[in-house]
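>>> Following is a predicted model, sequence given first.
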Amino acid sequence: MKSFQLPLEDIPAADVHIPPHYKWPLVLSSPHSGRAYPTCFIEESRLNHATLRRSEDFCVDYLFDFAPELDLPIIKAEFPRCYVDTNRSAAELDPVLFADVSPTSGRNLSRRVANGLGVIPRVVGAGLEIYDDRLSLEDARDRLARFHAPYHKQLSELVDAAGAHFSHVLLLDCHSMPDSAASRRIGSGRSSDMVIGDLHGRACGSEIAQTAVAILSSYGYRVTRNDPYAGGYTTQVHGRPHLGRHCLQLEINRKLYMDERRLKLLPNHQKLKSNLKDFTQKISLLMAQQQSSDVDAIAAE
């Protein structure tokens, strides 16, 4: 899929599809597949455009572009994650990157921020520094106001709209991972094909998470749960199973569908896409059954 360089003001926060009718209690999101790079960002980066693109969840939005056909809402970030990472809290600012952020403010920040992967990333790939110079806090605020806040506002609106129709709603936050990052070994000693993250049971009902793992495993994929990814900011914010709001983070090993070095789709990506469509339909049906169970329970009272 082609990437674009555009003036900053021409890049929207997200592409959102809202179905004419909410038939299923499922919302899809692809926060890291944005390919519209601000021209000013390319100019200030020490890395070239192709290197910056290695941080993308390459074509994940394309893998789930069947959502409108299934009458499912989906939100896709348009901007690149190496410019603003929506799967981080707006407070996760890297004190190494910003000249006017006190170094002491980083004492209690996450390991991700310490590694340069805060809400405004300092590095891409295997620790490649994006910038020659430090950035201003004003720059961070502008990026967050322009992209991070509107993206999450639109995502919340989609989830709330689904919640107005159903007692149980699942947000499936869709990502991809480098094969090198999927290095936790299972079974035969090979890396995971997919990871389902539910914050160790805090973000999603156990039955839903277990069923998701079982469905994906039925296609022949090696699936782990919360290892090595348990979930990020989106999972933390939207995972409220006690309120009927469930969230799963899905990580897909890029070796299943792309050439990571050349950033090209492989011919077998269609098989993966077909499996993901079937999975999405089955998990939608499961969520609808959760709704029916609630109705039956109320009727029996």
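Sure thing, it's come through.
>>> where are the low-confidence patches of the stretch 1-150 of the chain?
For the stretch 1-150 of the chain, applying pLDDT under 70 flags the ranges 102-108.
>>> Tell me which stretches of it form helices.
39-44, 49-52, 60-63, 111-114, 137-143, 149-163 (DSSP state H, counting those that start in this stretch).
>>> looking at the ones you listed, which is buried most?
helix 60-63 (a mean of 23; mean count of other CB atoms under 10 Å). The way it works is simple: take the backbone N, C-alpha and C, and place the C-beta from them, glycine included.
>>> one step back: now the helices of the stretch 1-150 of the chain in JSON lines, with distance to residue 87?
Formatted as JSON lines, the helices of the stretch 1-150 of the chain follow (distance: least, CB to CB, whole Å):
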{"stretch": "helix 39-44", "distance to residue 87": "19"}
{"stretch": "helix 49-52", "distance to residue 87": "17"}
{"stretch": "helix 60-63", "distance to residue 87": "12"}
{"stretch": "helix 111-114", "distance to residue 87": "10"}
{"stretch": "helix 137-143", "distance to residue 87": "15"}
{"stretch": "helix 149-163", "distance to residue 87": "10"}
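>>> Which among those helices is found nearest to residue 15?
Closest approach to residue 15 among those is made by helix 60-63 (7.9 Å; CB to CB).
>>> Now do that closest one: which elements does it pack against?
Under the contact definition 3 or more CB pairs under 8 Å, 6 or more residues apart in numbering; DSSP states H and E, helix 60-63 sits against strand 169-177, helix 269-300.
>>> just to revisit the earlier point, tell me which of the helices of the stretch 1-150 of the chain approaches residue 12 most closely.
For those, proximity to residue 12 was assessed by CB to CB; helix 149-163 is nearest, at 8.3 Å.
>>> Residues touching the closest one, excluding its own?
13-14, 16, 18, 22, 25-27, 29, 31, 73, 75, 77, 86, 90, 169, 171, 234, 237-238, 244-245 (CB atoms under 8 Å, 6 or more residues apart in numbering).
>>> same thing but 6 Å
Helix 149-163 has contacts (CB atoms under 6 Å, 6 or more residues apart in numbering) with 13-14, 16, 22, 25, 27, 29, 73, 75, 77, 86, 169, 171.
>>> Make JSON lines out of the residues you listed and add neighbour count and distance to residue 199.
Listed next are those as JSON lines, based on neighbours: other CB atoms under 10 Å; distance: CB to CB, whole Å:
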{"residue": "13", "neighbour count": "22", "distance to residue 199": "25"}
{"residue": "14", "neighbour count": "23", "distance to residue 199": "24"}
{"residue": "16", "neighbour count": "16", "distance to residue 199": "25"}
{"residue": "22", "neighbour count": "20", "distance to residue 199": "26"}
{"residue": "25", "neighbour count": "23", "distance to residue 199": "20"}
{"residue": "27", "neighbour count": "25", "distance to residue 199": "18"}
{"residue": "29", "neighbour count": "32", "distance to residue 199": "16"}
{"residue": "73", "neighbour count": "23", "distance to residue 199": "22"}
{"residue": "75", "neighbour count": "27", "distance to residue 199": "20"}
{"residue": "77", "neighbour count": "30", "distance to residue 199": "21"}
{"residue": "86", "neighbour count": "28", "distance to residue 199": "17"}
{"residue": "169", "neighbour count": "28", "distance to residue 199": "17"}
{"residue": "171", "neighbour count": "27", "distance to residue 199": "13"}
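>>> Which members of those residues define the maximum pairwise distance?
It's 13 and 25 that sit farthest apart of the contacts of helix 149-163, by CB to CB, at 24.6 Å.
>>> any weak-confidence spans in the stretch 201-301 of the chain?
Filtered on pLDDT under 70, the stretch 201-301 of the chain yields the residue ranges 292-301.
>>> Okay, residue 192 and residue 139: tell me how far apart.
Relative to residue 139, residue 192 is positioned 36 Å away (CB to CB, to the nearest Å).
>>> no wait, residue 26
36 Å.
>>> Ok, residue 40 next?
Distance from residue 40 to residue 139, by CB to CB: 10 Å.
>>> same check, this time on residue 164
37 Å.
>>> that older thread, which of the helices and strands packed on helix 60-63 sits most buried?
strand 169-177 (a mean of 26).
>>> Please name the strands paired to it in the sheet, noting orientation.
strand 26-30 (parallel), strand 245-253 (parallel) (DSSP bridges).
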